[in-house]
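1. Fold the following for me, if possible:
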Amino acid sequence: MAETIPHIVAPDDQGLTSEMVDYPGKTGSVKAYLSRPKGGAKLGAVIVIHENRGLVDHIKDVARRFAKDGFVALAPDLLSRVGGSDQYKGGQEAIAAIKNVTNDMVVEDLTGAVAYLKKLNFVNGRVGVVGYCWGGGQSLNFATKCKDLAPR
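-> Model prediction:
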């Protein structure tokens with residue numbers, strides 16, 4: 001079996017500020033991973049939507065990669081409503097749990113993410129969205145319903 005690398009951008013990269021945060025969602029707090037370049041510049045933001053396995057280390061690494069490219073990156077844990085990604089012991093448990101998360105729930109929690117980002121003093125007000133696997137479909141779902149995303 002091929003050996004994989006744990007990350008491309010180290011979690012403790014000295015050029016970034018990366019941390020877990022909570023932001024208000026419609027039905028409660030949503031956990032998320034926030035990464036951004038150090039410094040005082042106001043930057044555009046991107047919401048990174050995870051795969052069906054939840055907010056895993058790979059998606060946190062993707063957020064750090066966006067931060068290295070000059071964005072504020074927020075990766076919400078869209079399993080927050082059902083206990084959060086950390087409680088699941090493996091991919092199959094998270095995949096089963098995510099079936100309880102509806103498209104409407106995702107839109108509500110991502111709408112909260114946009115509002116949260118726009119209040120941060122280091123975000124310039126422009127917010128985009130990207131997703132992977134399950135998150136790719138959710139990024140399209142959200143983009144068709146949210147008027148607050150920055151047009152290209």
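
2. Quick one: name whatever helix or strand follows the helix or strand bottoming out on mean pLDDT in the chain.
-> Least confident helix or strand of the chain, by mean pLDDT, DSSP states H and E, is helix 91-98 with a mean of 93. Beyond helix 91-98 in the direction of the C-terminus, DSSP states H and E gives the next helix or strand as helix 103-119.

3. okay, the next helix-or-strand element following that following helix in PDB with CA atoms only?
-> Sequence order places strand 123-131 as the next helix or strand after helix 103-119, per DSSP H and E. What follows is strand 123-131, C-alpha atoms only, in PDB (Å, rounded to 0.1, in the frame of the first residue of the first chain):
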ATOM      1  CA  VAL A 123     -12.200  39.600   6.200                       C
ATOM      2  CA  ASN A 124     -12.900  42.100   3.400                       C
ATOM      3  CA  GLY A 125     -16.500  41.000   3.000                       C
ATOM      4  CA  ARG A 126     -16.100  38.700   0.000                       C
ATOM      5  CA  VAL A 127     -16.900  35.100   0.700                       C
ATOM      6  CA  GLY A 128     -16.800  32.100  -1.600                       C
ATOM      7  CA  VAL A 129     -17.400  28.400  -1.100                       C
ATOM      8  CA  VAL A 130     -15.800  25.200  -2.300                       C
ATOM      9  CA  GLY A 131     -16.500  21.600  -1.400                       C
END
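
4. buried stuff in strand 123-131?
-> Under the neighbour-count criterion of 16 or more other C-beta atoms under 10 Å, strand 123-131 has 123, 126-129, 131 buried. The C-beta positions use only the backbone N, C-alpha and C, and glycine is treated the same way.

5. Packing partners of that strand?
-> strand 43-49, helix 103-119, helix 134-143 (3 or more C-beta pairs under 8 Å, 6 or more residues apart in numbering; DSSP states H and E).

6. Which strands and helices lie in contact with the longest one?
-> Right, helix 103-119. strand 16-25, strand 28-37, strand 43-49, strand 72-76, strand 123-131, helix 134-143.

7. can you state the direction angle for the last one and strand 43-49?
-> Between helix 134-143 and strand 43-49, the angle comes out at 120 degrees (axes from the mean of the first three to the mean of the last three C-alpha atoms, to 10 degrees).
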